[in-house]
Structures are given as structure tokens and as C-alpha cells.
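> Quick check, what structure comes out for this input:
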Amino acid sequence: MYLTKGKNMANQVISFIKKKLLGKNKNLISLDEPYEVIGRLLRGHDITGFIDAGASDGRISKRLLRKFPTAHAYAFEPNPVYTKALQRYAEKDARFHPCYLALSDREGTAELYVTESSGCTSLFAPGNRLKEIEPEASRVKTLEKVQTIRIDEWSKRSGDPPVQLMKFDIQGGELKVLHGATGVLQRSTLLVYTEIWFNQAYEGGTIYSEIDSFFREYGFVLYDIFKPKYNAKGLIMWGNAIFLNVQRLGM
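Presented below is the predicted three-dimensional model:
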């Protein structure tokens, strides 16, 4: 009961802040907690599988598995620093399936830029703007050769499991991964939650306009934007966004 009261009070506070800051019209950037929004948007739908790309230690997969208890998590993480943690979690939960591969638009190998902070690690080299914002965290420690795979190829080899939800935290590689996932997107996906880059932070990395154009070709539209990050001069750099298949969700 006390937890419920606390949650209700928190929701009231958030609602009050929204009204004071935004008035009656909601800003494009949401103050809502994105995973709560995902749960609400997918309520009433049978979520049996999701892809967690850039799974790190599996914490987001754990959260989504609690939210969707009948789902299986397919967690892709090529950074070897997380391998043991993912293996331990897989031993505890049969619904969690780690894949120690990097997602891309082709099958083969690539160099992974492993940075001081694992959160900046990417298949793309850190660019100047990222170095300005995160000078220490973005410093490259090593280059690791990793295996790459397309989502569609992985799906085919795995028996085409339904994937209703995708989450991407892959530091500029979003468009390449999407180009390798068109079959799964068209077959079963309802929602994609992804990091988006408004101004390029990685050399050759994807920017928002490219992501938005791609999604619209496949019947997905932007629902909302969360957690924006700016540089020291106020230039918006990145955030997170939910894209929906509006036809399947009836919106």
C-alpha cells in the first residue's frame, strides 16, 4: 500500500511539473519514464520476444522481462567485458538468451572501438563532438575484432521467433542494424525504442533524420522523445525515442 501511495504521489508531482512547465500543450520531449510508456503502449498485446541490442550487463533485458513475463529476451552484446555477467544471468533465467555478436547490415567481422566507458563503445570511432562532451569516457582503449550479423539472418537461423519489441543502444549503428532487420520489422514488430543522434557524435554514425525516413518507409512513426543530451553550448546531441507501427497498434 505504501509503495502504491508513493508511486501515486510521484505521478502527481510529475503531472504538476508538466502543467507548470508545458501548460496544456505537451512538449515534443517527454518527461515520462520511457519503459513505463512502453509498458502502457503494449498493454493488451502478447509480447513473446524482444531484441536488446547493446545489452551491456543485461539490466534492461531484466527490466523488460519483469514487465513482459511471457517474453524471451534476445540480448546482443559484442563487448567482452560483459560476457561473464550475461552468462550468469542466462543460467538463472531460461528466457534470457545472450548473443555475443554485433548487429549490423552484413555478416562478417568488424572492429569494435572499446572506450574507457563501456557506454561509449561502438563499431564507429568517437567523433569530435563526443570527445568534447565525454573526453575521458570516449577515449579508445582497444580495438576488438568482433563477429557481425544481420537481425534477419539471426532470426532465420533461430526459427523466426516473433519479435514485437526492439531496443537499440548501439552508439550510431542504428541505421545499419535496421537495414538488416526489415524482414522482422515487417513480420511482427510493434515498437522500437532507440537512441537517436541529432548531431553526429561518431564518425559515420547515423543521425535522426535518416532513422525517421527509414521508419516511415516501413509504417513506423515517431511517438515521443526522451532524455535529451546537450553539449556545453546548448546544441542538442542525442536522446532516445519510441517509434510505433501505428497500423498494428491501432493508433
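
> Break down the stretch 151-251 of the chain into its helices, ranges please.
151-157, 174-179, 182-187, 208-217, 246-249 (DSSP state H, counting those that start in this stretch).

> and the gap between Y202 and L222?
Separation of Y202 from L222 (CB to CB, to the nearest Å): 21 Å. (Glycine included, C-beta is placed from N, CA and C.)

> Just want to know which of these two has more residues nearby.
More crowded of Y202 and L222, by other CB atoms under 10 Å: Y202, with 22 against 16.

> quick one, domains of this protein?
Split into domains by automatic domain parsing, the chain comes to 1-28, 32-249.

> Could I get these in TSV, plus columns for mean pLDDT?
Shown next, in TSV, are the domains of the chain (pLDDT from 0 to 100):
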stretch	mean pLDDT
domain 1-28	54
domain 32-249	96
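
> Point out the most buried one among those domains.
Mean neighbour count (mean count of other CB atoms under 10 Å) peaks for domain 32-249 among those, with a mean of 18.

> Please look at L123 and A102 and confirm they touch.
Yes: contact criterion CB atoms under 8 Å: L123 and A102 qualify, at 6.0 Å.

> Give the intersection of the neighbour lists for the two.
A110, L112, V146, T148, G173 (CB atoms under 8 Å, 6 or more residues apart in numbering).

> got a list of what the second one touches?
The neighbourhood of L112, defined by CB under 8 Å, 6+ apart, consists of P78, N79, A102, T121, S122, L123, L143, E144, K145, V146.

> Quick one: residues contacting the closest residue to the last one other than its chain neighbours.
By that I understand V146. Nearest non-adjacent residue to V146, counting by CB to CB, 6 or more residues apart in numbering: P78, 4.1 Å away. By CB under 8 Å, 6+ apart, P78 lies in contact with Y100, L101, A102, L112, E144, V146, Q147.

> Any idea what the nearest residue to I51 once chain neighbours are set aside is bridged to?
Nearest non-adjacent residue to I51, counting by CB to CB, 6+ apart: M166, 4.6 Å away. Note on M166: beta-bridge partners by DSSP bridges are I51, V192.

> just checking, M166 touches A181?
Yes: in terms of CB under 8 Å, M166 counts as a neighbour of A181; the distance is 7.5 Å.

> and the two most separated of the shared contacts of L123 and A102?
Maximum pairwise distance among those (CB to CB): 11.8 Å, between V146 and G173.

> Am I right that the residue nearest to V146 is in a helix?
No: looking at P78 with DSSP: H, G, I helix; E, B strand; the rest coil, it is coil, so not inside a helix.

> Use 679 as the first number from now on
With 679 as the first residue, the last one maps to P756.
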